[in-house]
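Novice: Model the structure of this input:
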Amino acid sequence: FQEGRVTLNELKSLFEARFSFATYLAFNVRSQTQDFIRLPESTMFGIVLVNVLMAILARTVHTTADEGYFVCLLIALVIVVVVFGVTRVVERALDAPSAESVAKLW
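Specialist: Residues are numbered from 1 along each chain as shown. As a prediction, this is how the structure comes out:
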């Protein structure tokens with residue numbers, strides 16, 4: 001091996017000769033870790049919002065975590081139903097042959 005330089009063939013020979021459990025974990029965990037670090041701001045905002053909601057429920061109403069999760073589940077269900085409904089309305093308006101139905105959306 002040259003000092004400071006490692007070729008792809010050298011890595012392949014080393015990995016094939018001794019593929020340690022730590023190397024296996026490093027390769028498998030790497031992509032998941034990168035996905036977690038690169039979370040979009042909207043996802044992070046959602047996580048913070050859910051945690052704030054849980055904290056408010058725990059502090060004011062004295063709910064347990066299970067009851068708080070149920071409230072968050074209901075809120076998520078309402079959001080999904082609203083998004084589905086809006087999507088159907090927009091889809092129908094865009095499929096309609098007249099421009100009047102599209103103008104009604106605005």
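Novice: Show me the longest helix that occurs in the protein.
Specialist: In the chain, with assignment by DSSP state H, the single longest helix is helix 65-95.
Novice: Show me what counts as buried in that one.
Specialist: Gly68, Cys72 (16 or more other C-beta atoms under 10 Å). For glycine as for every other residue, the C-beta is placed from the backbone atoms N, C-alpha and C.
Novice: Show me what it is packed against.
Specialist: When contacts are defined as 3 or more C-beta pairs under 8 Å, 6 or more residues apart in numbering; DSSP states H and E, helix 65-95 packs onto helix 41-56, helix 99-103.
Novice: can you give me the offset of it from its chain's centre?
Specialist: With C-alpha atoms, centre = their mean, to the nearest Å as the basis, helix 65-95 stands 17 Å off its chain's centre.
Novice: Now do that helix against helix 41-56, angle only.
Specialist: Helix 65-95 and helix 41-56 are oriented at 140 degrees to each other (axes from the mean of the first three to the mean of the last three C-alpha atoms, to 10 degrees).
Novice: okay, Phe15: pLDDT?
Specialist: pLDDT recorded at Phe15 is 69.
Novice: ok, of the helices and strands packed on helix 65-95, where does mean pLDDT dip lowest?
Specialist: Ranked by mean pLDDT, the helices and strands packed on helix 65-95 end with helix 99-103 at the bottom, a mean of 62.
Novice: in this protein, what secondary structure element scores lowest on mean pLDDT?
Specialist: helix 99-103 (a mean of 62; mean pLDDT, DSSP states H and E).
Novice: From Ile37, how far off is the residue nearest the centre of the chain?
Specialist: Centroid-nearest residue in the chain, with C-alpha atoms, centre = their mean: Thr43, separated by 5.9 Å. Counting by C-beta to C-beta, to the nearest Å, the separation of Thr43 from Ile37 is 12 Å.
Novice: Could you do Gly4 as well?
Specialist: For Gly4, the distance to Ile37 - C-beta to C-beta - is 28 Å.
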